[in-house]
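> Structural data only, the sequence is not supplied:
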């Protein structure tokens, strides 16, 4: 029997909000469907009316978390005219994002932090592809691989202990060099 289309809002949004709270604080593994439903006063059948699995619900929670971030990054990438401007705007966006992340992090379980980081890196690849193409990438590797290399390099750099000690000018220079390495490969 085919499932009926599910509209946004109502109990579905309550389930998503409760799941986000529990996933962030207790982690994916320790958050059961039953715990989520206890938070919203619902039954198991109701859950499966809206979602096929807990995995699908986690994806919805992550999608909502990233939707604004992804569109802002894509918009920024479309507006920039140089790699230097990208580095400046990226640094601003990163600082703002980290401030927001620190506010919600609280007791965030390490599994959720890890999943969010992985999702962040993956979500930035399409915009990185656009940015590399816009700035002359014609390397021998496919564009998606070059973009992934760039984002992974930037991610590794900004999460290192040395990065935190750098001045803004040094951070900008590092990001520019990582991008130029990819464009020139």
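Cool, the structure landed. Here the structure is a predicted model, which means the values were calculated and not measured.
> all contacts plus neighbour counts: C-alpha atoms, from now on.
OK.
> And the strand or helix carrying residue 18, how far out from the chain middle?
Element membership for residue 18, per DSSP states H and E: helix 10-26. Helix 10-26 has its C-alpha centroid displaced from the chain centroid by 18 Å (Cα atoms, centre = their mean, to the nearest Å).
> Which positions in that helix come out as buried?
Neighbour-count burial for helix 10-26, counted by 16 or more other Cα atoms under 10 Å, picks out 12, 14-26.
> Give me the most central residue, this structure.
residue 120 (2.6 Å; Cα atoms, centre = their mean).
> what residues are up against that residue?
residue 66 (Cα atoms under 8 Å, 6 or more residues apart in numbering).
> For residue 173, see how far away it is.
Computed as Cα to Cα, to the nearest Å, the residue 120 to residue 173 distance reads 22 Å.
> Please apply the same query to residue 83.
Using Cα to Cα, one obtains 10 Å as the distance from residue 83 to residue 173.
> Which residue of these two possesses the greater neighbour count?
Neighbour tally, residue 83 and residue 173, criterion other Cα atoms under 10 Å: the higher count belongs to residue 83, 20 against 14.
> Just want the phi and psi numbers for residue 137.
Here the main-chain torsion angles of residue 137 (degrees, to the nearest 10) amount to phi -70, psi 120.
> now it, nearest residue through space, not along the chain?
The shortest distance from residue 137 to any non-neighbouring residue, by Cα to Cα, 6 or more residues apart in numbering, is to residue 183 (4.6 Å).
> Same check on residue 34?
Once flanking residues are discounted, residue 34 sits nearest to residue 44: 7.1 Å by Cα to Cα, 6+ apart.
> Same question for residue 11.
Using Cα to Cα, 6+ apart and skipping residues adjacent in sequence, the residue nearest residue 11 is residue 40, 7.7 Å away.
> Distance check, that neighbour against residue 17.
If you measure residue 40 against residue 17 using Cα to Cα, the figure is 9 Å.
> what angle do the helix or strand of the chain with the lowest mean pLDDT and helix 10-26 make?
Of all helical and strand segments in the chain, the minimum by mean pLDDT, DSSP states H and E falls on helix 83-105, at a mean of 78. Regarding helix 83-105 and helix 10-26, their directions subtend 90 degrees when assessed with axes from the mean of the first three to the mean of the last three Cα atoms, to 10 degrees.
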